[in-house]
Structures are given as structure tokens and as C-alpha cells.
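Student: sequence and computational prediction follow.
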Amino acid sequence: IAAGFEQYVKHAFETRERHGKLIFLGNGGSAGIASHLAIDHSKNGRLTAMAFSDASALTCLSNDYGYEHVFAKHIEYHARQEDFII
């Protein structure tokens, strides 16, 4: 676990150096955790972070493209090469 955490921290700070952002994804209750993690990383870690947990956006995209494509569409619209998706 410690080695995995160290690797995560390394990738997170490399993302900041590349001027990228952390993107947290979660489904169901994990969406709330993803949102909370994004805020904590921004506030406490000074890392640019976001989560795709807006209910209106999720239902809009699922209606237009199917629920199985919700996160893929968010990533297509908002992610860049230098971002780190969690």
C-alpha cells in the first residue's frame, strides 16, 4: 500500500508540473467521494482537480449517449494529455 501511495503522490505532483489537472471519477456513492477528493486536493494539496459528479450533466450525457458513455464523454470534452484520471 505504501509503495502505491508513493507512486500516486509522484504522479499527482508530476501532473501539476505539467500544468495538468487531476480528474476524479466515481459512480454512485463513489461520485460523492470523488467530489470530496477533488476539493481536498485543490484546497489542501494546491493541485488543480475536478470530479464529474454533477447530476444534471450525468443525466444529460446518459440520455444523449447512453450511460455506458457518460465518463468517456466527460473525458473527451474536458481532459487533456497532461491530466491524470483517477
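Tutor: Now that the structure is in, tell me what you want to look at. The structure presented is a predicted model; accordingly, all values stated were derived computationally and were not measured. Numbering: from 1, shown residues only.
Student: residues making contact with stretch 10-26?
Tutor: 32-35, 37-38, 41, 45-53, 71, 74-75, 78-86 (CB atoms under 8 Å, 6 or more residues apart in numbering). Where you see a C-beta, it was placed from the backbone N, CA and C, and this is true even at glycine.
Student: inside helices: which ones of these?
Tutor: Assignment to helices by DSSP state H places the following of those there: 32, 33, 34, 35, 37, 38, 41, 45, 71, 74, 75, 78.
Student: separate out the buried members of those residues.
Tutor: By neighbour count, with 16 or more other CB atoms under 10 Å, the ones in helices among the contacts of stretch 10-26 hold 34, 35, 37, 38, 41, 71, 74 as buried.
Student: now do the contacts for the second one.
Tutor: Applying CB under 8 Å, 6+ apart, we find residue 35 in contact with 24, 26, 51, 53.
Student: what ranges do the strands span in the protein?
Tutor: Using DSSP state E, the strands of the chain run over 22-24, 49-51, 84-85.
Student: how close does the spatially closest residue to residue 53 that is not a sequence neighbour get to residue 70?
Tutor: With CB to CB, 6 or more residues apart in numbering as the measure, residue 31 is the residue that lies nearest to residue 53, at 4.0 Å, once sequence neighbours are left out. If you measure residue 31 against residue 70 using CB to CB, to the nearest Å, the figure is 11 Å.
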